[in-house]
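In: Here's a sequence, model it:
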Amino acid sequence: MTFENLNLIEPILKALKTEGYTTPTPIQAQSIPLILQKRDILGCAQTGTGKTAAFSIPILQLLSAKSGQQNDRSPRRIKSLILTPTRELALQIADSLSAYGKHTGLKHTVIFGGVSQRPQTDALRAGIDILVATPGRLLDLMAQKYVHLDQIEMFVLDEADRMLDMGFVNDVRKVLKVLPEKKQSLFFSATMAPEIMKLADTILVNPAKVEVTPVSSTAHTIKQALYYVKKGDKKNLLIHLLKDGEIDRALVFTRTKHGADRVARDMSKAGVQAEAIHGNKSQNARVRALDNFKKSQTRVLVATDIAARGIDVDDLSHVINYELPNEPETYVHRIGRTGRAGASGTALSFCDAEETAYLISIQKLISKSVPVIDNHPYPMTAKDFAEAASTVAQQKKRGGGGGRRNGSGGGGPRREGAGSARPANGGSSRWSNKPKTRSV
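Out: Next up, the predicted model:
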């Protein structure tokens, strides 16, 4: 199937050709015809499957037809609202609208917090067809009477699961209250937990369901590998791996903002061009860091999960989990930054003794074991593991958490000879001094 088979108008096909798009992804092939039929959509697809184009392209086509029918002298009113949780994702969607809609004559703008509102309000005054917004700034400008949503014909709630994770559910409901009752609604999420479905039920009318590759799966084009390593040796291991010239650019994940800053500083001291991106950074700093990374002026971008949502970098070769996420679904989102649109990619993960329960949960979710690399300079020994496990056990006894969500910390390293790459089964071991794995 090609985009020509989707009955798209010539201005959009011309733009897609310029962008080098020929074959739609599964979610695009399924969603675009349904949206063009003006159906409500409940879409579920993992990161990197092309959701943005799946809703942007048909929105542009439907509004382009409307634009041709209206009087050129009549003021432009917002006809479509795309609500998304992060600034980075909002900017990505705006870039996509610019690329796909360059020949349609439609106008759009993006609004988000953390920057001066003046350029945003100037664009709103001039008149736009499509508004891309984050919830906070949208409600702020609505309260100031800069944004009027009474003419909305198409509404998109993108990354709904992350919207709930970030505590935006009440803001979303406030926006929904002012939207016209009659509209086409498109709801996209990487997961469909009960609370997500409850929210969807308040938005959608007889929706068509589009589900492509559930979140529990990882793209087959992504090569995954795991390194067992002491927490204190992670910095040295990362520096060691970056000596490999095949790692053109690496997106490195940490769990905390402080951790992202620390890793970026460590890499810079080691002579590796690195920058951090997280919620405490100013918008200008985040945009600059991402732009430098896209242009390969920065080799390593260190990010937290929320800041990374929406990062779309062409030909990203490597994702590195410096710290494993405590939510297994986040692992899928993280490594989905590489291996996009059928391209190949590599996802490397570091696991210290305190993170083994996270690893067990991840492998349970994705229904596979991640191959382990033993032949590196900083392997975690049996003694290292036993000492860390003992510390965690003491913390749990005192009422601490040891930094883990499930399990007792089993699933530690099992050596099978230097240089081997073997599955991390999260369980059996020949080491008698390793605590037994508890089921999770």
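In: buried sites along stretch 376-387?
Out: Applying a neighbour-count criterion of 16 or more other C-beta atoms under 10 Å, the buried positions in stretch 376-387 are 376, 378-380, 382, 384-386. C-beta here means a position set from N, CA and C on the backbone, and glycine is covered the same way.
In: Next step: those residues restricted to helices.
Out: Using DSSP state H, the members of the buried residues of stretch 376-387 that fall in helices are 382, 384-386.
In: quick one on the thing from earlier: ok, the buried residues of stretch 376-387 vs Asp315, which is closest?
Out: Nearest to Asp315 among the buried residues of stretch 376-387 is His376, at 25.7 Å by C-beta to C-beta.
In: Next up, phi/psi of that closest one, please.
Out: In terms of degrees, to the nearest 10, the main-chain angles of His376 are phi -140, psi 160.
In: again with Cys351
Out: Backbone dihedrals for Cys351, given as degrees, to the nearest 10, come out at phi -130, psi 120.
In: swap in Phe188?
Out: Main-chain torsions, Phe188, degrees, to the nearest 10: phi -120, psi 140.
In: Tell me what it is bridged to.
Out: Partner residues in beta bridges with Phe188, using DSSP bridges, are Gly43.
In: ok, now how distant is it from Asn5?
Out: According to C-beta to C-beta, to the nearest Å, Phe188 and Asn5 sit 22 Å apart.
In: Who has more neighbours out of the two?
Out: Set side by side, Phe188 and Asn5 show more neighbours around Phe188, with 23 against 11, by other C-beta atoms under 10 Å.
In: quick one, what contacts the more buried one?
Out: 41, 43-45, 51, 54-55, 156-160 (C-beta atoms under 8 Å, 6 or more residues apart in numbering).
In: And Val175, by the same measure?
Out: With contacts taken as C-beta under 8 Å, 6+ apart, Val175 has the following neighbours: 81, 83, 135, 138-139, 142, 149.
In: which residues of the stretch 151-300 of the chain fall in strands?
Out: Listed in chain order, the strands of the stretch 151-300 of the chain (DSSP state E, counting those that start in this stretch) span residues 154-157, 184-189, 208-212, 222-228, 250-253, 274-277, 300-303.
In: most neighbours per residue, which of those strands?
Out: With neighbours defined as mean count of other C-beta atoms under 10 Å, these peak in mean count at strand 300-303, which reaches a mean of 28.
In: Tell me the helices and strands packed up against that one.
Out: Identification of packing neighbours for strand 300-303 by 3 or more C-beta pairs under 8 Å, 6 or more residues apart in numbering; DSSP states H and E yields strand 250-253, helix 257-269, strand 274-277, helix 283-294.
In: which one of the ones you listed lies closest to Thr356?
Out: Of all these, the one in closest proximity to Thr356, counting by C-beta to C-beta, is strand 250-253 (17.7 Å).
In: which stretch among the helices and strands packed on strand 300-303 comes nearest Asp122?
Out: When those are ranked by proximity to Asp122, the top entry is helix 283-294, at 17.2 Å, counting by C-beta to C-beta.
In: So what touches the closest one?
Out: Around helix 283-294, the neighbours that count as contacts under C-beta under 8 Å, 6+ apart are 87-88, 91, 112, 114-115, 249, 251, 275-277, 281, 298, 301, 307, 311, 313-314.
In: Ranking helices and strands of the chain by mean pLDDT, which lands last?
Out: Taking mean pLDDT, DSSP states H and E as the measure, strand 421-423 is the helix or strand of the chain with the lowest mean score, a mean of 41.
In: All set now, cheers.
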